[in-house]
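Asker: My questions are about this predicted structure, shown below with the sequence.
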Amino acid sequence: ARVGRSVDRGVRRGGLGPVIRVVVIMAGGGGTRLWPASTPTRPKQLLQLSERPPCTLLAAAVERARRIAPLEWIFVVTNIALVPAVEAALPELPAANVIAEPRPRSTAPCVALALLHVRQRLRDRGCTEEQVQKATLTVLPADHHIGDLDLFTSLLELACEQAEEQGGIVTLGVEPREAS
């Protein structure tokens with residue numbers, strides 16, 4: 001398989017026409033893992049952890065997402081109480097791309113909610129039903145640090161290509177080196 005970045009991020013040519021790539025970033029954290037630095041109103045993905053951009057883990061996640069999709073196809077799902085903070089942290093992201101989770105319910109409901117919003121947005125933007133059905137969805141957490149961005153981008157590209165070719169789900173993970 002070919003690994004590399006495409007110049008036209010977010011839309012790939014498939015056998016049936018353009019395939020749209022969408023990224024959903026899960027940013028609903030409760031602010032408990034890095035307490036007392038993080039709190040429910042300022043979870044770790046919104047903490048300024050660096051002096052140089054991207055300063056927050058959420059901003060870094062959006063930067064990674066922009067490597068495979070245009071900003072218009074990047075969505076952030078967050079706790080309803082954090083919507084204003086996320087919008088302030090990501091002024092370049094369209095406000096309509098911030099999805100308010102009514103209650104934190106873990107990963108599967110978060111992704112299902114995002115998928116409902118994404119499908120509607122694709123339809124509202126004039127995508128055909130076939131494009132809606134064939135769109136590739138990448139789900140990323142907002143609170144991870146990724147050291148090698150080029151390698152990560154290559155892996156995401158490869159995973160997207162595999163999902164588009166096989167019509168399935170591809171999961172990326174890190175093989176543990178020791179028990180935690």
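Answerer: Done, it's in.
Asker: which residues sit in contact with residue 22?
Answerer: 10, 69, 73, 74, 75, 118, 122, 135, 136, 137, 138 (Cβ atoms under 8 Å, 6 or more residues apart in numbering). Backbone N, C-alpha and C define where each C-beta goes, glycine included.
Asker: so the fourth one makes contact with residue 64?
Answerer: No. In terms of Cβ atoms under 8 Å, residue 74 does not count as a neighbour of residue 64; the distance is 9.9 Å.
Asker: circling back to that earlier point, identify those among the contacts of residue 22 that sit within helices.
Answerer: Among these, the ones falling in helices (DSSP state H) are 118, 122.
Asker: Which two among the contacts of residue 22 are spaced furthest apart?
Answerer: 122 and 138 (14.6 Å; Cβ to Cβ).
Asker: Now do residue 112 against residue 51, distance only.
Answerer: Between residue 112 and residue 51 the distance, using Cβ to Cβ, to the nearest Å, works out to 37 Å.
Asker: Which positions in the top strand by length along the chain come out as buried?
Answerer: Criterion DSSP state E: the longest strand present in the chain is strand 17-26. Buried residues in strand 17-26, counting neighbours by 16 or more other Cβ atoms under 10 Å, are found at 18, 19, 20, 21, 22, 23, 24, 25, 26.
Asker: before we move on, what about stretch 89-96?
Answerer: 89, 90, 93.
Asker: how about the helices in the protein?
Answerer: 57-65, 83-89, 107-124, 129-134, 149-166.
Asker: for this structure, which spans come out with low pLDDT?
Answerer: 1-17, 31-32 (pLDDT under 70).
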